[in-house]
Structure formats: structure tokens, C-alpha cells
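**Q** Sequence below, structure please.
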Amino acid sequence: MKVFFNQLFDYNFYCNKKLIEECSKLDNVTNRSIELFSHILNAHHIWNARILGKPISYGVWQIHEIKEWADIHYENQRSSFGIITNNNDFGRRIDYENSEGRLFTNTLQDMLFHIINHSTHHRAQISLDFRSNDLEPINMDYAFYKR
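**A** Numbers count the residues shown, from 1 in each chain. So this is what the prediction gives:
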């Protein structure tokens, strides 16, 4: 399970890094893309904090300047790799509150997979936003990453 999650988080790191690099080069990034990528970063942080039982530092839809993205992304990934490295029971259930204060329980495995799936979903929305604004989307398919 550790190898599987390390591979998924390597892929997530790669995709987010490519997107950060591309947006840093652009003269004009749409508000929608900034909102979506900030949300990816915030959600990743929030899920890590829930897993670790730490305070949450970002709001779900808090906006970050592009120049801040790389540092937040790196810290999110570092934290996730630490979670993976230091856990052997991925079926362990974790209680947490969602952003509306409701209590839930999920397994560590489900929470980690959600981070990856959630990021992929919103990166696809960013790709659509790029295309809608006459920008070429970045190819972030898993198959291309593995080649």
C-alpha cells in the first residue's frame, strides 16, 4: 500500500508542479483557474490536517497568489509523504469534522485516495478553463507521466 500511495503522490506532485510552472509563465491566469488551484492546495492541506489531527490553516476556497503556490504545494506533499511513511494501517479509521462542522469517519486509505482524486478532478477543470481561454492545456495524463 505504501508503494501505491507513494506512486500516486509522486504523480500528484508532478502534475501540480507542471501546472504551477505553466501558470507562473503566463501573463494572465484566469480567476477561475486561480480559484480552482488554490482550492486544490487548500483541500490537500485540510485532509492532511485531519489525518494528523492538526489545526487547519486554510479555508476551503481561500485564494492564494500564484507566487505562493509552490511553497504550499511542497508542504502539502511533504506532509502526505510523511503520513504514508509513518503509517502501516491504511484501514485505520479516522474521525474528523467537515468544513460545515459535521462529524464523519473514513479510513486513512480513503482519505489519501480522495486527495489524489480530488486534485485530478479540479486539474481537469483547470484544463477546460485553459482551453476556453485559448490556452493549450498541460498534458497530465497518468500514462504520459509513467512513460
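**Q** which of the residues in stretch 95-115 are buried?
**A** By neighbour count on 16 or more other C-beta atoms under 10 Å, the buried set for stretch 95-115 is 96, 106, 108-109, 111-113, 115. (C-beta placed from N, C-alpha, C; glycine too.)
**Q** Show me how far that stretch is from its chain's centre.
**A** Centroid separation for stretch 95-115 versus its chain: 15 Å, with C-alpha atoms, centre = their mean, to the nearest Å.
**Q** got the end-to-end distance for it?
**A** Using C-alpha to C-alpha, to the nearest Å, one end of stretch 95-115 lies 16 Å from the other.
**Q** can you give me the mean pLDDT across it?
**A** Stretch 95-115 shows a mean pLDDT of 96.
**Q** How about stretch 30-37?
**A** Mean predicted confidence for stretch 30-37 is 98.
**Q** Pull the distance from it to the chain's centre.
**A** Counting by C-alpha atoms, centre = their mean, stretch 30-37 comes out at 14 Å from the chain centroid.
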